[in-house]
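Visitor: predicted model and sequence below, questions to follow.
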Amino acid sequence: MIAALDRRWRQWQARRTPAVARLELGQRHIFIMPNRLGSSFLLTLLLILLAAINYQNSLAYALVFLLGSIFVVAILHTFRNLSGLWVSGVATGAVFVGEQARFTLRLESRDKLHQAIAVGWSRGSLQRVDIDVGHVMELELDLPSDKRGWLVAPRVCVETSFPLGVLRAWSWIDPGQRVLVYPQPLEGELPTLATAPTDVEDEGMRTLGQGVDDYQGLREYQPGDSWRRLHWKAWSRGGALLIKEFAELRGRDLSLDFLALGGDVEQRLSRLCYWVLTLSAQQRAFSLQLPGQLLASASGEAHREACLRALALYGQGA
């Protein structure tokens, strides 16, 4: 029942405050209720009122009406402190799995001072700021990234208890922010095409590496290595699992192939991510072959970003 009520509350809240890139807080978006201190304050007023009625004490009546009037005025000032505040999301850069994704929220005041404004994903992690008239304040909110793809920011809470601290005015805002999360780079063998052609003219241009052109030796097996390069004879004799190492050709473009790797999907994508970063840093041209998708051979920052984006969104659509 609690889950159903929570779902209905979120649906109603989404209809009342839909996702927009920039929003001015107004009467439709702001909720206001007494907080714990305010509830205690009202309970105290009730007790004083009961005592005043019981003893017919004029001073007690006056105290109740005075404090009650202050409470009503506090409602207006607390609402006004949040009303008129402009909130918008700022585009942020991509991150790798395991890094903190940073979302930037911009708070803007046009015609009045907004004091003690608290912003955060939850009430337990709020940042409090004052925004002067005509000023813009940018706050960074972090979220952990535990899987690749689009990380969509949840609704952000903007609240205030100014000036008396007996009321809480708040709004849950969705600026529609999201961050692209790339696979976590994982070092491993160079996943070139197993059918990469050789050329006699390329002789003398080989350097020791993990390509597929010239046999160099054996090394210990690591999770994610291609099963095509396992040394089965050594393993069948009771030895350790070994992998055949080859030399790569420096003189031609490389083709990073998803199917040339072993391991699960995430391990393969992480290996490909590592080599996209490595080859881009070396300013070498390469292509990327994914099931159902081919990025032609190129180099440069744009090609690097296109490859990382393809790896991040593989199997998830756009």
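Guide: The structure has been received and is ready for your questions.

Visitor: all the helices of the stretch 1-150 of the chain, in order from the start?
Guide: Taking DSSP state H, counting those that start in this stretch to define them, one finds helices in the stretch 1-150 of the chain at 2-16, 36-55, 58-82.

Visitor: any chance of these in JSON lines, plus distance to Gln100 and mean pLDDT?
Guide: Any C-beta I mention is one placed from the backbone N, CA and C, and that applies to glycine too. What follows is the helices of the stretch 1-150 of the chain, written out as JSON lines (distance: least, CB to CB, whole Å; pLDDT from 0 to 100):
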{"stretch": "helix 2-16", "distance to Gln100": "25", "mean pLDDT": "79"}
{"stretch": "helix 36-55", "distance to Gln100": "32", "mean pLDDT": "95"}
{"stretch": "helix 58-82", "distance to Gln100": "28", "mean pLDDT": "95"}
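
Visitor: Arg128 is nearest to which of those helices?
Guide: helix 58-82 (12.5 Å; CB to CB).

Visitor: possible to save the helices of the stretch 1-150 of the chain as a markdown table with distance to Ser255 and mean neighbour count?
Guide: Output for the helices of the stretch 1-150 of the chain, formatted as a markdown table (distance: least, CB to CB, whole Å; neighbours: other CB atoms under 10 Å):
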| stretch | distance to Ser255 | mean neighbour count |
| --- | --- | --- |
| helix 2-16 | 46 | 10 |
| helix 36-55 | 63 | 14 |
| helix 58-82 | 56 | 15 |
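
Visitor: between these, which gets nearest to Ser287?
Guide: helix 2-16 (42.9 Å).

Visitor: what residues does that closest one touch?
Guide: With contact meaning CB atoms under 8 Å, 6 or more residues apart in numbering, helix 2-16 is reached by 28-29, 155, 172, 174.

Visitor: quick one: the strands in the stretch 51-200 of the chain, in order.
Guide: Applying DSSP state E, counting those that start in this stretch to the stretch 51-200 of the chain gives strands spanning 86-90, 95-96, 100-108, 114-120, 127-131, 136-144, 149-152, 156-160, 167-173, 178-182.

Visitor: low-scoring stretches of the stretch 201-318 of the chain, by residue?
Guide: For the stretch 201-318 of the chain, applying pLDDT under 70 flags the ranges 201-217, 222-229, 231-232, 234-236, 238, 244-253, 317-318.

Visitor: ranges for the helices of it?
Guide: Here the stretch 201-318 of the chain has its helices, by DSSP H, counting those that start in this stretch, at 232-236, 265-281, 301-312.

Visitor: can you name the residues bridging to Ile32?
Guide: Under DSSP bridges, the beta-bridge partners of Ile32 are Ala169.

Visitor: ok, it to Gly263 distance?
Guide: For Ile32, the distance to Gly263 (CB to CB, to the nearest Å) stands at 54 Å.

Visitor: for Arg110, same thing?
Guide: For Arg110, the distance to Gly263 (CB to CB) stands at 55 Å.

Visitor: ok, these two, which is more surrounded?
Guide: Using other CB atoms under 10 Å, the more surrounded residue of Arg110 and Gly263 is Gly263, with 18 against 12.

Visitor: give me the phi and psi for that one.
Guide: The phi/psi pair for Gly263 (degrees, to the nearest 10) reads phi 90, psi -180.

Visitor: need the contact list for the spatially closest residue to Val276 that is not a sequence neighbour.
Guide: Spatial nearest neighbour of Val276, excluding adjacent residues (CB to CB, 6 or more residues apart in numbering): Cys307 at 4.6 Å. By CB under 8 Å, 6+ apart, the contact set of Cys307 is 272, 276, 288, 295.

Visitor: what of Ala310?
Guide: By CB under 8 Å, 6+ apart, the neighbours of Ala310 are 288, 290, 293, 295.

Visitor: how much space between the residue nearest to Phe31 when sequence neighbours are not counted and Arg8?
Guide: The shortest distance from Phe31 to any non-neighbouring residue, by CB to CB, 6+ apart, is to Trp170 (5.7 Å). As judged by CB to CB, Trp170 and Arg8 stand 19 Å apart.

Visitor: Ile243 too?
Guide: For Ile243 relative to Arg8 (CB to CB), the value is 56 Å.

Visitor: quick one: Leu218 and Leu242 touch, right?
Guide: Yes. Taking CB atoms under 8 Å as the definition, Leu218 is a contact partner of Leu242 at 4.4 Å.
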